[in-house]
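Visitor: Generate a structure from the sequence data that follows.
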Amino acid sequence: MHAAVVTAFDSPPAYREFPVPTPRTPHEAVVDVIATGLHPRVRSQADGSHYTSTDELPLVPGIDGVGRAPDGSVRYFVLPDTTMGAMAEQTVIDLRRSIELPAGTDPVAVAAGMNPAMSSWVALRRRIDFRSGQSVLVLGATGSAGRLAVQVARLLGAGKVVGAGRHPGRLATLTELGADETVSLDGDPGEVDDRLGRAAADVDVVIDYLWGAPAAGAIRALVTERSDRGVPLTWVQIGSVAGPEAAIPSAALRAARLQIVGSGQGSVPTRDILAELPDLATEIASGKLRLDARGVPLADVGSAWAETGRDERIVITP
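Guide: Below you'll find the model as predicted:
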C-alpha cells in the first residue's frame with residue numbers, strides 16, 4: 001500500500017510504499033482510510049515537536065480520520081500515539097476508539113472538523129463545570145479551532161461569546177458564527193489589552209489557543225478591569241501558537257478568583273474524550289458547525305504539507 005511516510009523530522013512526509021499494517025489484538029481492525037485531517041497536531045507529530053513524540057522513525061502521521069471497516073461500516077476513529085497513523089491507504093484502528101457514522105455523512109467534513117472542534121467541546125463538557133448562560137472569550141478565535149470554539153460555545157449554551165484574534169478578514173466573520181463581540185489583537189499590546197478589558201473583563205470562561213505574551217497581557221487586562229473580582233474566572237489553556245511560556249503576574253492569581261487549567265491529551269481521560277465523539281460527530285454531520293475543508297489526494301501530500309496560509313482545513317483522501 002501507499003502512505004505518507006516521515007523519515008526525518010526536518011523533512012515533510014513523502015508518498016511512498018509502506019507495509020500493510022496488521023492487527024495485534026481482537027479489538028483492532030484494518031480499515032480503508034477515506035479521509036484524515038492535516039491538523040496542526042499532525043504537523044507537530046511529523047516534525048517531532050509534540051510533547052508525546054517518541055522520536056521513533058519512520059512514521060506515518062495522522063491522528064484521526066474516517067475509514068471503512070471490514071464489515072462495511074464507515075467509522076470515525078481516533079488513534080493512540082503510534083507510528084502507524086492515518087495518512088495511508090489503510091491503517092489499524094482500535095474499534096473501541098471509533099464510532100459508526102450515520103449513512104450519508106460527509107467524511108471530509110468529519111475528518112476536518114472533529115479534531116479542531118474537540119478541543120473546545122471537550123474543554124467545556126469535560127474539563128470545567130461550564131453552565132448554560134455563562135460568557136466566554138475565545139482567545140485566538142481566527143484560527144480554525146478558534147472559529148469552531150466560538151460556535152461550540154454558542155451551541156453549548158453560552159450567554160455571550162467574545163472572539164479575539166489577529167486576522168481582520170476572519171475576525172469580521174465571527175459574528176456570523178455566533179460571536180456577540182470581536183476584539184482585534186493587532187497593534188500596540190497596551191491598546192490590545194485595553195480593548196480586551198472593555199469587551200471581555202467580566203467573562204466567566206476564557207478558551208485560550210495562544211498563550212505566550214498575548215495571554216499574559218489578557219490576564220492582566222481582565223483581572224484589572226473586572227467589575228467583581230470575586231466572581232470566578234476560569235482560564236482554559238488549549239494551544240500555544242503565540243509561545244510556550246507566559247509571564248503571569250502572581251498578583252493576578254491573588255487579586256481575583258482566577259483559575260488556570262489545561263485541556264488536552266493527558267489532562268482529559270481518553271474515556272471522557274471517546275464518550276463525547278458521538279454527540280460532536282452528530283453536530284458536524286448536521287452542518288451546525290461550519291468549517292471550510294478541502295480534500296487533497298494522498299499522492300499530493302508533499303504539496304499539501306507546504307500549504308500553511310490557507311483558511312481551509314486540508315483533508316487527505318487516500
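Visitor: how about the helices in the stretch 151-300 of the chain?
Guide: Remark: helices assigned in the stretch 151-300 of the chain by DSSP state H, counting those that start in this stretch are 168-177, 189-200, 212-225, 250-255, 270-286.
Visitor: Can you say which of these is nearest to residue 43?
Guide: helix 212-225 (18.3 Å; C-beta to C-beta). Every residue, glycine included, has its C-beta placed from N, CA and C.
Visitor: Show me what that closest one is in contact with.
Guide: In this structure, residues lying in contact with helix 212-225 by C-beta atoms under 8 Å, 6 or more residues apart in numbering are 137, 139-140, 164, 185, 189, 192-194, 196-198, 200-201, 203, 206, 208, 229, 233, 235, 237, 240-249, 252, 255-256, 258.
Visitor: Now with 7 Å, please.
Guide: Outside helix 212-225, the residues that touch it by C-beta atoms under 7 Å, 6 or more residues apart in numbering are 139, 185, 189, 192-193, 196-197, 200-201, 208, 229, 233, 235, 240, 242-243, 245-249, 252, 255-256, 258.
Visitor: mean confidence score for it?
Guide: Averaged across helix 212-225, pLDDT comes to 96.
Visitor: buried ones in that helix?
Guide: Across helix 212-225, burial judged by 16 or more other C-beta atoms under 10 Å covers 212, 214-225.
Visitor: Narrow the contacts of helix 212-225 to those that are buried.
Guide: 139, 185, 192-193, 196-197, 200-201, 208, 233, 235, 240, 242, 246, 252, 256, 258.
Visitor: on that earlier part again, got the buried residues of helix 212-225 as a markdown table, with distance to residue 145 columns?
Guide: Output for the buried residues of helix 212-225, formatted as a markdown table (distance: C-beta to C-beta, whole Å):
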| residue | distance to residue 145 |
| --- | --- |
| 212 | 16 |
| 214 | 15 |
| 215 | 15 |
| 216 | 21 |
| 217 | 21 |
| 218 | 17 |
| 219 | 20 |
| 220 | 24 |
| 221 | 23 |
| 222 | 21 |
| 223 | 25 |
| 224 | 28 |
| 225 | 26 |
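Visitor: now, among the residues you listed, which is nearest to residue 146?
Guide: For these, the nearest to residue 146 is residue 214 (12.2 Å; C-beta to C-beta).
Visitor: Then residue 77 would be within a helix, right?
Guide: No: going by DSSP: H, G, I helix; E, B strand; the rest coil, the assignment for residue 77 is strand, not a helix.
Visitor: For residue 118, which of the helices of the stretch 151-300 of the chain is the nearest?
Guide: helix 270-286 (6.3 Å).
Visitor: hmm, who's touching the closest one?
Guide: If you take C-beta under 7 Å, 6+ apart as the criterion, helix 270-286 is touched by 76, 97, 99, 101-102, 105, 109-110, 113-114, 117-118, 121-122, 125-126, 155, 289.
Visitor: Please flag which of the residues you listed sit within strands.
Guide: Among the contacts of helix 270-286, the ones falling in strands (DSSP state E) are 76, 99.
Visitor: Pull out the buried members of the contacts of helix 270-286.
Guide: 76, 97, 99, 101, 105, 109-110, 113-114, 117-118, 121-122, 125-126, 155, 289.
Visitor: List the ones among these that fall in helices.
Guide: Among the buried ones among the contacts of helix 270-286, the ones falling in helices (DSSP state H) are 109-110, 113-114, 117-118, 121-122, 155.
Visitor: Report the two of those residues separated the most.
Guide: Within those, 109 and 122 form the most distant pair, 18.9 Å apart (C-beta to C-beta).
Visitor: Enumerate every residue touching the nearest residue to residue 117 once chain neighbours are set aside.
Guide: Sequence neighbours aside, residue 148 is the residue nearest to residue 117 in space, at 4.4 Å (criterion: C-beta to C-beta, 6 or more residues apart in numbering). By C-beta under 7 Å, 6+ apart, the contact set of residue 148 is 113, 116-117, 120, 289, 291.
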